[in-house]
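K.L.:
compute the structure for the input listed below.
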Amino acid sequence: MGIAYNLVPDAPLGGSPLLAGLVVIVGFLLGLRLCHRVRRRRHGERVLVLGSSPLGRQVVEEIERRTDLRYQVVGVVDDAENLDRVIETTLPDRIVVALAERRGRLPVYPLLESRARGIVVEDAAATYERLTGKLALEAMSPSSIVFSADFQVSRPHLALSRALSLLVSVVGLIVLAPVFVLIVLLIKLDSRGPVFFIQERVGLSGLSLLPQLVNVLRGDMNLVGPRPHPVTNLGLLILVVRNLSDVSGDAIPYYSLRCAVRPGITGWAQIRYGYANTIEEEMEKLRYDFYYLKHMSFWLDLRILFETARIVWTGHSSAAAAARVGRPDRSVDWTRRSGRVA
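P.N.:
Residues are numbered from 1 along each chain as shown. Okay, here's the model as predicted:
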């Protein structure tokens with residue numbers, strides 16, 4: 001206040017010095033915030049990675065590979081004891097914690113001080129999820145699922161999702177009925193055998209047929225959800241990844257979550273990754289399926305439907321699927337953890 005009076009003696013600062021001082025302080029803080037945002041947009045957000053775990057390396061590789069991200073990795077440090085000195089040197093805007101073993105190693109006070117100074121402190125698994133649209137299965141613990149605010153769906157979402165599925169199915173069957181009749185005639189003229197290809201798949205309520213609008217009307221599935229796995233593929237999948245039992249107690253970590261919701265004709269994994277031809281690719285698609293299970297919402301379903309319609313209309317898959325953004329993760333080699341398959 002004294003500085004303001006000396007610089008501008010005739011300034012009408014009002015009758016209350018306290019109020020005027022508050023206005024000056026708020027304006028100063030807003031100015032600092034604006035300068036910080038301008039610097040971040042111009043030069044990119046400075047990211048410091050704490051820990052050199054496989055997940056931390058994946059985060060760094062993803063940032064360096066993605067040209068659309070305005071992130072700049074300013075350092076990867078595994079020395080948690082000197083973190084405060086590293087922070088003063090690198091001046092990060094965000095700290096990604098990727099320590100493989102945190103018990104007794106997590107530098108609590110430097111991280112809390114960083115948060116108090118406006119630096120974003122984020123877990124590497126959350127960063128990986130936000131950048132890739134999939135979950136790091138090897139970083140998921142049972143408690144992180146049980147006590148998470150996610151991995152649960154509201155009843156309004158279930159009702160809206162089911163209503164949307166029924167509406168689209170009825171309209172689709174009515175509109176496409178002439179096309180279906182024509183296709184049946186062409187199949188009968190061209191080849192022998194049944195018109196419909198029937199395949200057993202694993203989903204909620206047991207086995208289901210190949211995804212069709214008829215199955216949606218019957219209640220076997222919704223428009224959007226994890227695509228049901230063929231039984232033959234599932235058997236091979238369990239055989240190959242049996243050594244994962246030490247991670248979660250299941251042959252495939254948390255696979256039962258995937259079967260807890262209705263399967264879908266299309267899903268997050270389909271628009272983000274596309275088809276899987278190998279076991280490694282099937283495991284990679286599971287990462288996207290679990291992302292959907294974690295963030296299930298009516299708006300996410302609409303996004304998936306619009307993206308599916310765009311892909312069908314244009315014939316071009318999403319950029320992520322085309323470039324195989326989610327190519328199989330080699331940091332955890334599920335197929336060779338003990339040197340054998342089974």
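K.L.:
which stretches in the stretch 1-150 of the chain count as strands?
P.N.:
In the stretch 1-150 of the chain, the strands defined using DSSP state E, counting those that start in this stretch lie at 45-50, 71-77, 94-97, 120-123.
K.L.:
turn those strands into TSV, columns for mean neighbour count, mean pLDDT and distance to Val214.
P.N.:
The way it works is simple: take the backbone N, C-alpha and C, and place the C-beta from them, glycine included. Below are the strands of the stretch 1-150 of the chain laid out as TSV (neighbours: other CB atoms under 10 Å; pLDDT from 0 to 100; distance: least, CB to CB, whole Å):
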stretch	mean neighbour count	mean pLDDT	distance to Val214
strand 45-50	23	94	49
strand 71-77	18	92	46
strand 94-97	23	95	47
strand 120-123	16	94	43
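K.L.:
confidence-wise, which helix or strand of this protein is lowest on average?
P.N.:
The weakest-scoring helix or strand in the chain, judged by mean pLDDT, DSSP states H and E, is strand 206-208 (a mean of 40).
K.L.:
residues contacting Leu166?
P.N.:
216-217 (CB atoms under 8 Å, 6 or more residues apart in numbering).
K.L.:
tell me if I am right that it is in a helix.
P.N.:
Yes: per DSSP: H, G, I helix; E, B strand; the rest coil, Leu166 lies within a helix segment.
K.L.:
state the distance from it to Phe298.
P.N.:
Relative to Phe298, Leu166 is positioned 14 Å away (CB to CB, to the nearest Å).
K.L.:
do the same with Ala125
P.N.:
Ala125 is 26 Å from Phe298, by CB to CB.
K.L.:
of the two, who's got more company?
P.N.:
Ala125 (21 against 18; other CB atoms under 10 Å).
K.L.:
please tell me how far the more buried one sits from Asn277.
P.N.:
In terms of CB to CB, Ala125 sits 28 Å off from Asn277.
K.L.:
same deal with His316?
P.N.:
Counting by CB to CB - His316 and Asn277 are separated by 19 Å.
K.L.:
what's the answer for Ala177, then?
P.N.:
From Ala177 over to Asn277 (counting by CB to CB), the distance is 33 Å.
K.L.:
and Val179, by the same measure?
P.N.:
29 Å.
K.L.:
how about Met140?
P.N.:
From Met140 to Asn277 the distance is 25 Å (CB to CB).
K.L.:
one more: Glu122?
P.N.:
Per CB to CB, Glu122 is found 34 Å from Asn277.
K.L.:
what's the answer for Leu286, then?
P.N.:
Taken as CB to CB, the span from Leu286 to Asn277 is 15 Å.
K.L.:
what of Pro228?
P.N.:
17 Å.
K.L.:
who has more neighbours, these two?
P.N.:
Higher neighbour count among Pro228 and Asn277: Pro228, with 27 against 8, using other CB under 10 Å.
K.L.:
re the thing from before, relative to Gln212, which of the strands of the stretch 1-150 of the chain is closest?
P.N.:
strand 120-123 (40.6 Å; CB to CB).
K.L.:
can I get the CA coordinates of the closest one in PDB?
P.N.:
Only the C-alpha atoms of strand 120-123 are listed here, as PDB (Å, rounded to 0.1, in the frame of the first residue of the first chain):
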ATOM      1  CA  VAL A 120       1.500 -30.400 -10.200                       C
ATOM      2  CA  VAL A 121       2.500 -33.700  -8.500                       C
ATOM      3  CA  GLU A 122       1.100 -36.700 -10.400                       C
ATOM      4  CA  ASP A 123       1.400 -40.500 -10.100                       C
END
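K.L.:
need the residues that contact it.
P.N.:
Strand 120-123 has contacts (CB under 8 Å, 6+ apart) with 93-97, 111, 114-115.
K.L.:
make a markdown table out of those and add distance to Val312.
P.N.:
Listed next are these as a markdown table, based on distance: CB to CB, whole Å:
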| residue | distance to Val312 |
| --- | --- |
| Asp93 | 40 |
| Arg94 | 38 |
| Ile95 | 42 |
| Val96 | 37 |
| Val97 | 41 |
| Leu111 | 46 |
| Ser114 | 46 |
| Arg115 | 45 |
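K.L.:
of these, which is the nearest to Ile87?
P.N.:
Ser114 (6.1 Å).
K.L.:
which residues does that closest one contact?
P.N.:
So Ser114 contacts 87, 95, 121 (CB under 8 Å, 6+ apart).
K.L.:
ok, how many other residues are close to Asp84?
P.N.:
14.
K.L.:
hmm, I was thinking of Tyr128
P.N.:
23.
K.L.:
do the same with Leu186
P.N.:
10.
K.L.:
and it, that's in a helix?
P.N.:
Yes: assessed with three-state DSSP, Leu186 lies in a helix.
K.L.:
for it, report the pLDDT, please.
P.N.:
Leu186 carries a pLDDT value of 72.
K.L.:
residues contacting Gly315?
P.N.:
Gly315 touches nothing, counting by CB under 8 Å, 6+ apart.
K.L.:
for Glu129, that is, sorry about that
P.N.:
135-136, 291.
K.L.:
how does it look with 6 Å?
P.N.:
Residues in contact with Glu129 (CB atoms under 6 Å, 6 or more residues apart in numbering) are Leu135.
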